[in-house]
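Asker: Let's see this in three dimensions:
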Amino acid sequence: YISPQVWAWKETRIVAIKKYIDSLIVIFPFEVEWFKKRGVEVNYFGHPLIDINKDKPIANKTAETTVGLFPGSREQEIARHLPLLKKTIQCLLKHNPKIKFIVCQAPGLNKETVNAFSSLSSTSVMTKSRDVFALSSAAIVTSGTATLECAIAKTPFVVIYKTSLISWLLAKYFLSIKYVSIVNIIANQKIVTEFLQHRAQPQIISKTILGLIKKPNALKQNLSLIKNSLGSGNSYKRTAQYILKS
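Answerer: This next block holds a predicted model:
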């Protein structure tokens, strides 16, 4: 249950999957065709995030223009993204001094980092990502699971990611996919803008965010399609029923 992402890198691992696995249950819709083409018995019952985010009370969106900030969950990610997000906040405030910001505090976000954000003008900190997405007019999200959560919330967003030069070059060499964000990978096209490595510039990011705030509907429609492709819910139950019958 939940396949290694062999479609992204090191596809040779498919040999071990075919040797040791009788049936594979995946959580992304595009994985079904990918594995079938390679002779693997595969089933798809939706993504668990639909269940996790289903029927839970969420914060009410205010009339204020608010930008959600998701610096990541790993210490190295946060260290690289913190300066970028601070400068982006400054750029956005120059265009609109009334914009509010909410930082999502992941488990890896230490007190010092939280305080650094809290000291900035018009910035608050929250721990529940679902509430941050619900309150946000747009969001700046570090590549990872949070991008899929954002799509489910149908909050317009951009993706950022910065890493060391060596890690970046290795990723460029080994990765066999066009996009970094799972939202774009599912769509097999660019529906959210990715600002990666040298392209992660505060001025460009802020300009794109302002555009999303002004005209959010086109992206929201695409995000609805992504959400619908993740199933109607009960993925755990349906998966369990399949396993018991097998």
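Asker: does the residue nearest to Ile177 when sequence neighbours are not counted sit in a helix, a strand or a coil?
Answerer: Of all residues not flanking Ile177 in the chain, Ala8 sits nearest, at 5.1 Å (C-beta to C-beta, 6 or more residues apart in numbering). For glycine as for every other residue, the C-beta is placed from the backbone atoms N, C-alpha and C. Under DSSP: H, G, I helix; E, B strand; the rest coil, the three-state class of Ala8 is coil.
Asker: Run a quick neighbour tally on Ala8.
Answerer: 16 (other C-beta atoms under 10 Å).
Asker: hang on, isn't Ala134 packed against Lys154?
Answerer: No. Using C-beta atoms under 8 Å, Ala134 is not in contact with Lys154; the gap is 9.8 Å.
Asker: returning to what we had before: next one: the residue nearest to Ile177 from Thr239, what distance?
Answerer: 22 Å (C-beta to C-beta, to the nearest Å).
Asker: circling back to that earlier point, isn't the residue nearest to Ile177 right next to Tyr179, touching?
Answerer: No. With contacts counted by C-beta under 8 Å, Ala8 stays clear of Tyr179, the gap being 10.0 Å.
Asker: Which neighbours do these two have in common?
Answerer: In the contact map built from C-beta atoms under 8 Å, 6 or more residues apart in numbering, the residues linked to both Ala8 and Tyr179 are Ile185.
Asker: Check whether the one residue sitting closest to the centre of the chain sits in a helix, strand or coil.
Answerer: The structure's the chain has its C-alpha centroid closest to Thr147; by C-alpha atoms, centre = their mean the separation is 1.3 Å. With three-state DSSP as the basis, Thr147 sits in helix.
Asker: I'd like the numbering to begin with 44 instead of 1 from here.
Answerer: Sure, I'll start counting at 44 from here, so that last one is Thr190.
Asker: who's in contact with it?
Answerer: 184, 200, 202, 224-226, 235.
Asker: Ok, Gly276 next?
Answerer: Going by C-beta under 8 Å, 6+ apart, Gly276 touches 89, 93-94, 97.
Asker: Now do the strands in this protein.
Answerer: According to DSSP state E, the chain carries its strands in the segments 67-69, 85-87, 109-113, 143-147, 166-169, 181-185, 200-204, 237-239.
Asker: now the angle from the fourth one to strand 109-113?
Answerer: Which is strand 143-147. Between strand 143-147 and strand 109-113, the angle comes out at 20 degrees (axes from the mean of the first three to the mean of the last three C-alpha atoms, to 10 degrees).
Asker: which residues are in contact with strand 143-147?
Answerer: 107-114, 132, 135, 152, 157, 160-161, 163, 165-172, 175, 178-179, 189.
Asker: how about a cut-off of 7 Å?
Answerer: Residues from elsewhere that reach strand 143-147 (C-beta atoms under 7 Å, 6 or more residues apart in numbering): 107-113, 132, 160, 165-169, 172, 175, 178-179.
Asker: Would you mind finding the longest helix in the chain?
Answerer: The single longest helix within the chain, with elements called by DSSP state H, is helix 118-138.
Asker: in that one, what counts as buried?
Answerer: For helix 118-138, the neighbour count (16 or more other C-beta atoms under 10 Å) marks 120-121, 123-125, 127-128, 131-132, 134-136 as buried.
Asker: mind saving the C-alpha coords of that helix as CSV?
Answerer: C-alpha atoms of helix 118-138 as CSV (Å, rounded to 0.1, in the frame of the first residue of the first chain):
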residue,chain,number,x,y,z
GLU,A,118,15.2,22.2,9.5
GLN,A,119,17.3,22.7,6.3
GLU,A,120,14.2,23.6,4.3
ILE,A,121,13.2,26.2,6.8
ALA,A,122,16.7,27.7,7.0
ARG,A,123,16.8,28.2,3.2
HIS,A,124,13.2,29.4,2.8
LEU,A,125,13.1,31.8,5.8
PRO,A,126,15.1,34.6,4.2
LEU,A,127,13.2,34.2,0.9
LEU,A,128,9.8,34.5,2.6
LYS,A,129,10.9,37.5,4.7
LYS,A,130,11.9,39.4,1.5
THR,A,131,8.7,38.3,-0.2
ILE,A,132,6.7,39.7,2.7
GLN,A,133,8.5,43.0,2.3
CYS,A,134,7.8,43.1,-1.5
LEU,A,135,4.1,42.3,-0.9
LEU,A,136,3.7,45.0,1.7
LYS,A,137,5.2,47.5,-0.6
HIS,A,138,2.4,46.8,-3.1
